[in-house]
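Visitor: Curious how this folds, go ahead:
(one chain, ligands or ions: 1)
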Amino acid sequence: MDYQRTIRKAVSLDGIGLHSGKPVRLMLSPAPADTGLVFRVSAPGTLCVESEPIPAAPESVVDSHYATTLGRGAVRIQTVEHLLAAAAGLGIDNLDIRLDATEVPAMDGSAKPFVALLLSAGRTRLNARRRPVTVPYPIRVGTESRWLQIVPADRLRISYTLDNDHPAIGTQALSWTATERSFIQDFAPARTYGFLKDLGAIRKRGLAQGVSLDNTIGVGNGGVLNGLRYRDEFVRHKVLDLVGDLGLLGRPVLGHVVARNAGHALNYELVVAIQRALGLERRPATVTVLRPATVDERLQRAPSPASI
Ligand SMILES: [Zn+2]
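Guide: Numbering: from 1, shown residues only. Next up, the predicted model:
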């Protein structure tokens, strides 16, 4: 029997936003069964006067380019995916998440610091069962060159191919049957990456203000600038992002996801397609929040930092 979990005590950490470059404090507290992961934002340094709750759910996604951004009204929370990945990877279903700025801290660009934080809080079982998501039939989103597909399976499995022109990346492929142990060891530490040649243009758009070699694998013309944690760290980070974005469903996913050159926008498309297939969609049909897929496709075809 599989029961929902939360953490035992409140924990916090400080960092800066990858895109905003601003300091931010993150506080995680226990939450009751069936509440899911819920964000609240307060004014800097206060953590007391808060926005209304913003659930980590597909209905809350307002942008999925470069990072997954949640929002409600005028409030935005950027770059939630690595925290969501850590919670999903550790089987933590319910969390109260408070921030005193509008972006989750980048830390080292991976999910490892969030895993350590959650483990330091301890985990506890709640008196409510998990309701895993099982897809009724294969679902595919994307194009000929970039796509995601999920087929029914009795556990989560991810087979990912990342194909990039840059010789430091090339073709990286792996197939993973999800376990907590291998998530912690083999995927949570994989960092986000970016191409040096794109950094100026991205910064002009107001993004990547906090990017440094402390939180991003820097890829220059001559290769990686700050070393790798794994030979295939790039594709491992892609898997990590996918785990985080699948976390928007709020329930463990049982299925085999086969992916090629996807990114947050496509991950989000798959999440919405799964919701639709299960009849779970709550977003009004008239609301369209994503820019056309072709824009994202163009961004990601060339080597780009779109995997943040
Ligand atoms: Zn990422």
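Visitor: Let me see the confidence value for the most centrally placed residue in the chain.
Guide: Nearest to the centroid of the C-alpha atoms of the chain, with distances taken as Cα atoms, centre = their mean, sits Glu81, at 2.1 Å. The pLDDT attached to Glu81 in the predicted structure is 97.
Visitor: Please name the residues that touch the closest residue to the ion within the stretch 201-308 of the chain.
Guide: With Cβ to the ion, the shortest gap between the stretch 201-308 of the chain and the ion falls at Asp241, namely 4.2 Å. (C-beta placed from N, C-alpha, C; glycine too.) For Asp241, the contacting residues are 81-82, 85, 263-264, 267, 307, taking Cβ atoms under 8 Å, 6 or more residues apart in numbering as the criterion.
Visitor: now Ile77
Guide: By Cβ under 8 Å, 6+ apart, the contact list for Ile77 reads 39, 41, 54, 69-71, 99, 102-104.
Visitor: about what we covered before: so the residue nearest to the centre of the chain sits against Ala67, correct?
Guide: Yes: under the criterion of Cβ atoms under 8 Å, Glu81 lies in contact with Ala67, with a separation of 6.6 Å.
Visitor: what is in contact with these two at once?
Guide: Taking Cβ under 8 Å, 6+ apart as the contact definition, Glu81 and Ala67 share the neighbouring residues His264.
Visitor: The closest residue to Ala67 other than its chain neighbours: neighbouring residues, count only.
Guide: Closest residue in space to Ala67, ignoring its immediate chain neighbours: Thr79 at 4.1 Å, by Cβ to Cβ, 6 or more residues apart in numbering. Counted with other Cβ atoms under 10 Å, the neighbours of Thr79 add up to 25.
Visitor: Could you report the neighbour count for the residue in the stretch 51-200 of the chain positioned nearest to the ion?
Guide: For the stretch 51-200 of the chain, the residue positioned closest to the ion under Cβ to the ion is Thr192, at a distance of 4.3 Å. Neighbour count for Thr192, taken as other Cβ under 10 Å: 27.
Visitor: go on, Leu249?
Guide: 22.
Visitor: Next up, the contacts around it.
Guide: Listed by Cβ under 8 Å, 6+ apart, the contact partners of Leu249 are 57-58, 133, 271, 274-275.
Visitor: What's the local residue count around Leu199?
Guide: Each residue near Leu199 was counted by other Cβ under 10 Å, and the total is 16.
Visitor: gap between it and Val141?
Guide: Applying Cβ to Cβ, to the nearest Å, one obtains 29 Å for the distance of Leu199 from Val141.
Visitor: before we move on, the earlier item: can you flag which of the contacts of Asp241 belong to helices?
Guide: When DSSP state H defines the helices, the subset of those inside them is 81-82, 85, 264, 267.
Visitor: Can you tell me which of those lies closest to His256?
Guide: Taking Cβ to Cβ as the measure, Asn267 is the one of the ones in helices among the contacts of Asp241 closest to His256, at 15.5 Å.
Visitor: Spatially, and excluding backbone neighbours, which residue is closest to that closest one.
Guide: When the adjacent residues along the chain are set aside, Asn267 lies closest to Asp245, with 3.6 Å between them (Cβ to Cβ, 6+ apart).
Visitor: And that neighbour, how far from His264?
Guide: Counting by Cβ to Cβ - Asp245 and His264 are separated by 6 Å.
Visitor: what's the overlap in contacts for these two?
Guide: 64, 68, 81.
Visitor: Rebuild those residues as JSON lines, extending it with distance to the ion.
Guide: Supplementary listing: those in JSON lines, determined by distance: Cβ to the ion, whole Å:
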{"residue": "Ser64", "distance to the ion": "12"}
{"residue": "Thr68", "distance to the ion": "9"}
{"residue": "Glu81", "distance to the ion": "5"}
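Visitor: out of those, which one sits closest to Asn127?
Guide: Minimum distance to Asn127 across these is 29.4 Å, recorded for Glu81 (Cβ to Cβ).
Visitor: which ones are touching the closest residue to that closest one other than its chain neighbours?
Guide: Of all residues not flanking Glu81 in the chain, Gly244 sits nearest, at 3.5 Å (Cβ to Cβ, 6+ apart). When contacts are counted by Cβ under 8 Å, 6+ apart, Gly244 touches 68, 80-86, 88, 111.
Visitor: Fine, thanks again, bye for now.
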